[in-house]
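Colleague: Could you look at this predicted model? Sequence included:
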Amino acid sequence: MNPAPHVEVRNLIVTVPGPDGAPLRIVDDVSFEVARGEVLALIGESGSGKTTIALALMGYGRGGAAISGRIRVGDATLDGGGASLAAQRGRQISYVAQSAAAAFNPARRVIDQVIEPALIHRTASSGDARASAVELFRALGLPSPETIGSRYPHELSGGQLQRLMAAMALITRPDLVIFDEPTTALDVTTQVSVLQAFRRVVRQQGATGVYVSHDLAVVAQMADQILVLNRGRVREHNRTGKLLAAPADDYTQLLIAAAHPHVKAQAAVPAKPEPLLEIAGLHAGYGPIDREGRPTLPVLSDVSLTIMRGAAVGVIGESGSGKSTVARVVAGLLAPVTGTVSLAGEPLAPTVSGRTREQLRRVQIVFQNADVALNPAHSVGDILGRVLRFYHDLRGADAQRRVAELLDLIRLPAAVAERRCDELSGGQKQRVNLARALAANPDLILCDEVTSALDTVVRGAILDLLADLRRDLGVAYMFISHDIATVKALCDEIVVLYKGTTVQSGRRESYDTPPLHPYTDLLIRSVPELRPGWLADETVQAAAPFAHMPESTHLCRLLPRCPLAISGRCDAIAPPLRKTSAGHMLLCHRTEAELIG
Amino acid sequence: MKRGNLARAIRAFPWSGKLGLALVLFWITIALVGRLIAPYPSGAFVSYEVFAGASGKFWFGSDFLGRDVLSRLLVGAQFTVGLSAVAVTIAVALGTGFALTAAVGPRWLDELLSRAMDTLISIPSKIFALVLVAAFGSSILLLTLIVSITYVPGNFRIARSLAVGLARLDYVEVARARGEGRPYIALVEILPNMIRPLFADIGLRFVFIVLLLSGLSFLGLGLQPPDADLGSLVRENVNGLGEGALAILVPALAIASLTVGVNLLIDAATQGKVQ
């Protein structure tokens, strides 16, 4: 056993020039060590300095950051005694970034990019590098490993690109691999297989890992030890099992609590439930409509759902499931091909231009990314004031008073009205984004992934706020998300979409026990649990018998992925819609009894 | 409060921006009062010597006909600065106006405007000017129109690409979902976010216009004698080039300092907003 740890960091301090010129410490006195072959996780919210530390391990400071302290990786040190860290980059130390889609050059074949580090550092000839790249593709579980390299980045999915990027990082057989939020941009179902592939390959190569993430549950699967960071300082550092079982620091406890959202506020049940929004037989898509009345890119087929007054209905699915398209159709931004949307009994015109101002006022939409949903040229007061003037004809002092009320409602100080949006934090922006919808006094708010871009702690606060607003104002939500845990925390009813069709719908409680649609089951089982070893248990994923079949719009869309598909039925006729004894709807050939068993 | 912000912004300019501001203010002043402080009428033959050097009587010497260069420069600056400023305003207003219309309007309108602009951009500006001047005769109004129209398509292209990108952003979608009209979306949601690159474009186009006006004058298509803009001054004294006459150097330097000043100022102003 080598007594010296592989990676050693002592009193690391990183400073950047502050707005007034004085140096600002973004990483403050951080020390840790990692033994060879172990994985250390750096966890914290955005702005905690976790990526900065990861980059410092490669001797790199972003945007003029100054690094001081002692860093040693193998024989290389920060100050260049032995070898310099920068010289090891890409060879002994490699990096996997968050967005693989943005990290690949779209104009070059992926194999040429994957083997590039080996060629630059001359660790292998072109032929050998190609051979070992194919080995890595196979180890990472990529489909058709021999030929996938000859494709271009746009021909591959996000999960595949992320694995290819890992292959690029591992091609030089580095001693240290740094993963910077590598699965944050992926769907949960994809995340599981990518995590498994990463862990297997890193262990095979015997590399040391540093895993940067904000997701404690993911980290629990990957890391041997966890370093909890907050505002550049170490809050807690311990072995994974101990840290999760007995968190000592209150910030760690906060992170653990936030990993499983629980909403405290309970919604008041309206006196007599009456339907607010009814969607029936909705077909929608993008592009010109052909002779059979189908758009070039069909997204939704035959979606129906009802939202009662004051209710919260969750719509979940992975990317491409059409969940955002539902919101766009309801908001009138996209005209449906067929089907109706009605609000409190009145049918709504297909697009905004045909609806009355009153109808528009009653349905408001809130987008995921507050950075682009709020106009950077306007102040918070302008943004809210415009909605007040537009729908309620409020001006001057009345409008100002109402803006202050709204800010109070979303728990921001009234002085924020003067500020421009780019001066606010991510969580504050999302609150303003929500306040803009509230300013209209709507009956229904369409929340399109409003918590997805937020850190866990901030996400919890926004969910609480949404629940409080619903209780106090009686507003109904259509809450769109890819995260079933978030949806379960807030909504009383949940609709699961897969490739534009509803595969399951029903009360929240019905998602706790079988029968579940095979896809719902997959979604729920893909959410990482907050315990080490979950990922190992999760490896048993039964193979889909029809994985070779192309997807067909006339059959169950899940067929190529479904482990329970029945030969002669699922591959022959469209599945029936069943009502279970618990009262929810399932679109499946399997009977209730079969799905329970 | 707005005024305080402006003063603070100017104080924060780099030295090049301050130099640009000084040059621009200088030329605006000259354009406004030049005609009043000119020592001689601009068309008067006041010296018996042509291409004379600087003297107490004629600060910048005399031109090829024995007229006072300083007086002609002071009057000429009014044409150059005024015409260019008016023309650039018209060009950018039309170009950006069409661009916003194309970005928020229906698709067919976008196609129509874009193709119309493509047609216009394919006509060489000097030939365009030549034809129109030949048809209608040279006048200040016609000159302004020619120069403005020449630079509409370039501004349209830049503004349209900016506006189309911005029109896809979520805040525009939100405004659309709220039921806002197209003029509101174009002017309040989109336009304020394209100001910065638009100003850079204005600076560029101002210089092009000064140069095109000078070029037209040089060809004899611009202002007609005895009026002269800075470009005409250079052209009519071109024979003095061999002897290094002030009559040609001074107007040339004037054009250079005006265009450089405008661009330094705009660079500083747009950079200031980034921070």
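Modeller: Happy to help now that I have it. Numbering: from 1, shown residues only, chains lettered A, B, ... in the order given.
Colleague: From here on, just use CA atoms for contacts and neighbour counts.
Modeller: Fine.
Colleague: which residues in chain B form helices?
Modeller: Per DSSP state H, chain B carries helices over the ranges B:2-11, B:15-37, B:69-104, B:107-121, B:125-136, B:140-167, B:170-178, B:182-184, B:195-218, B:230-236, B:246-274.
Colleague: and the fourth one, how far from the chain's centre?
Modeller: Offset of helix B:107-121 from its chain centre (CA atoms, centre = their mean, to the nearest Å): 24 Å.
Colleague: buried sites along that helix?
Modeller: Across helix B:107-121, burial judged by 16 or more other CA atoms under 10 Å in any protein chain shown covers B:110, B:113-114, B:117, B:120-121.
Colleague: now swap in the fifth one and tell me
Modeller: Residues of helix B:125-136 classed as buried: B:125-126, B:128-130, B:132-133 (neighbour count, 16+ other CA under 10 Å).
Colleague: got it, and stretch B:160-173?
Modeller: For stretch B:160-173, a neighbour-count test (16+ other CA under 10 Å) marks B:160, B:162-164, B:166-167, B:170-173 as buried.
Colleague: What residues are bridge-paired with residue A:234?
Modeller: Bridge pairing for residue A:234 (DSSP bridges) gives the partners residue A:229.
Colleague: Now do it against residue B:210, distance only.
Modeller: Separation of residue A:234 from residue B:210 (CA to CA, to the nearest Å) stands at 61 Å.
Colleague: Compare neighbour counts for the two and give me the winner.
Modeller: residue B:210 (26 against 21; other CA atoms under 10 Å in any protein chain shown).
Colleague: For the closest residue to that one other than its chain neighbours, which residues are in contact?
Modeller: Distances taken as CA to CA, 6 or more residues apart in numbering or on different chains place residue B:84 nearest to residue B:210, at 5.9 Å, with adjacent residues excluded. Contact partners of residue B:84, counting by CA atoms under 8 Å, 6 or more residues apart in numbering or on different chains, are B:144, B:206, B:209-210, B:213.
Colleague: Same list (those) but as TSV, adding pLDDT.
Modeller: Below are those laid out as TSV (pLDDT from 0 to 100):
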residue	pLDDT
B:144	89
B:206	86
B:209	86
B:210	82
B:213	83
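Colleague: and which of these is nearest to residue A:455?
Modeller: residue B:206 (47.7 Å; CA to CA).
Colleague: Spatially nearest residue to the closest one (excluding sequence neighbours)?
Modeller: residue B:88 (5.8 Å).
Colleague: do residue B:257 as well
Modeller: Per CA to CA, 6+ apart, closest to residue B:257 is residue B:23, 6.9 Å.
Colleague: And that neighbour, how far from chain A?
Modeller: Note on residue B:23: its distance to chain A, by CA to the nearest CA, to the nearest Å, is 30 Å.
Colleague: Can you name the residue of the stretch 251-400 of chain A nearest chain B?
Modeller: residue A:373 (4.2 Å; CA to the nearest CA).
Colleague: what's that residue in contact with, if anything?
Modeller: A:367, A:433, B:169-172, B:174.
Colleague: again with residue A:504
Modeller: So residue A:504 contacts A:495-497, A:516-517, A:520, A:584-587 (CA under 8 Å, 6+ apart).
Colleague: neighbouring contacts of stretch A:463-481?
Modeller: Contacts for stretch A:463-481 (CA under 8 Å, 6+ apart): A:263-268, A:307-317, A:323-324, A:327, A:410, A:442-452, A:487, A:490-491.
Colleague: Just the buried ones from these?
Modeller: A:263, A:265, A:267, A:307-317, A:323-324, A:327, A:410, A:442-452, A:487, A:490-491.
Colleague: would residue A:428 count as being in a helix?
Modeller: Yes - Residue A:428 sits within a helix when classified using DSSP: H, G, I helix; E, B strand; the rest coil.
Colleague: Strands of the stretch 351-500 of chain A, start to end?
Modeller: Listed in chain order, the strands of the stretch 351-500 of chain A (DSSP state E, counting those that start in this stretch) span A:363-366, A:444-448, A:476-481, A:493-498.
Colleague: Low-confidence ranges, the stretch 151-275 of chain B, go.
Modeller: Within the stretch 151-275 of chain B, the ranges that satisfy pLDDT under 70 run B:271-275.
Colleague: The same query, at a cut-off of 50, please.
Modeller: B:273-275 (pLDDT under 50).
Colleague: and it, which residues reach chain A?
Modeller: Contact residues, the stretch 151-275 of chain B versus chain A (CA under 8 Å from any CA of the partner chain): B:169-174, B:176-179, B:189, B:192-193.
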